[in-house]
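**Student:** Sequence and predicted structure, then a few things I'm wondering about:
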Amino acid sequence: MCRTLAAFPTTCLERAKEFKTRLGIFLHKSELGSGTGSVGKFEWDSKHSKEVRNFSEDVLGWRESFDLLLSSKNGVAAFHAFLKTEFSEENLEFWLACEEFKKLHSATKLASRAHRIFEEFICSEAPKEVNIDHETRELTRTNLRTPTAMCFDVAQGKTRTLMEKDSYPRFLKSPAYGDLAAQAAAASASASPSEPSHT
């Protein structure tokens with residue numbers, strides 16, 4: 001079904017698990033810090049408070065722009081997990097594959113990877129075929145004759161636009177993101193009171 005499932009999605013799943021674990025740890029520490037009794041005397045040190053605040057700002061920032069979501073490792077993992085629930089993760093996986101592709105410098109590797117990406121995401125009946133028009137598909141096919149780091153730019157741009165206008169708004173309205181944002185806001189609020197004032 002998915003030839004690169006072993007390469008790309010595994011890292012996404014690992015990131016999603018790490019993301020979930022980190023949030024759980026932050027929330028647990030938050031609960032310890034807000035309780036009473038001996039456990040309630042848990043003090044946040046500045047490193048933990050800063051980490052919680054940065055994490056929370058990251059999560060809450062995803063609703064500000066699609067670019068902020070895509071620039072966040074945790075944001076990409078959360079968005080990928082959401083897209084999997086909608087069976088539409090191929091657009092993000094293609095976009096990410098293109099981003100990695102642009103980092104290649106060897107002409108041999110560029111050619112090899114370009115053909116792999118094309119076969120996996122672009123060609124008709126591809127295992128993870130992205131929704132692009134015929135002209136874009138043919139332009140990309142033509143670009144593969146002499147692959148450069150930019151040979152997928154048009155297809156990647158159209159896929160990004162589709163995600164930004166379609167999947168991203170649904171992600172922001174999803175119960176999963178709503179719960180995550182609420183938990184991040186609560187964790188941030190409980191971490192902030194122990195922060196020293198720097199005025």
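**Tutor:** Nice, thanks for sending it over. Everything quoted here is computed from the prediction, not taken from an experiment. Numbers count the residues shown, from 1 in each chain.

**Student:** May I see the buried residues of stretch 65-85?
**Tutor:** Along stretch 65-85, these residues count as buried under the neighbour rule (16 or more other Cβ atoms under 10 Å): 66, 69-70, 72, 74-84. To be clear about C-beta, it is placed using only N, CA and C from the backbone, and glycine gets the same treatment.

**Student:** So for Thr36, what's the pLDDT?
**Tutor:** We have a pLDDT of 39 for Thr36.

**Student:** Report the helix or strand with the lowest average pLDDT across this protein.
**Tutor:** helix 37-40 (a mean of 36; mean pLDDT, DSSP states H and E).

**Student:** What is the nearest of the buried residues of stretch 65-85 to Cys123?
**Tutor:** If you rank the buried residues of stretch 65-85 by distance to Cys123 using Cβ to Cβ, Leu83 comes first, at 21.2 Å.

**Student:** Touching, that closest one and Glu89? I think so.
**Tutor:** Yes: with contact defined as Cβ atoms under 8 Å, Leu83 counts as touching Glu89 (4.0 Å).

**Student:** which residues of this protein score low on pLDDT?
**Tutor:** Scanning the chain for pLDDT under 70 picks out 1-52, 191-199.

**Student:** can you give me the helices in it?
**Tutor:** For the chain, the helices defined by DSSP state H occupy 8-34, 37-40, 46-61, 66-71, 73-85, 90-101, 107-117, 134-143, 153-162, 168-173, 175-191.
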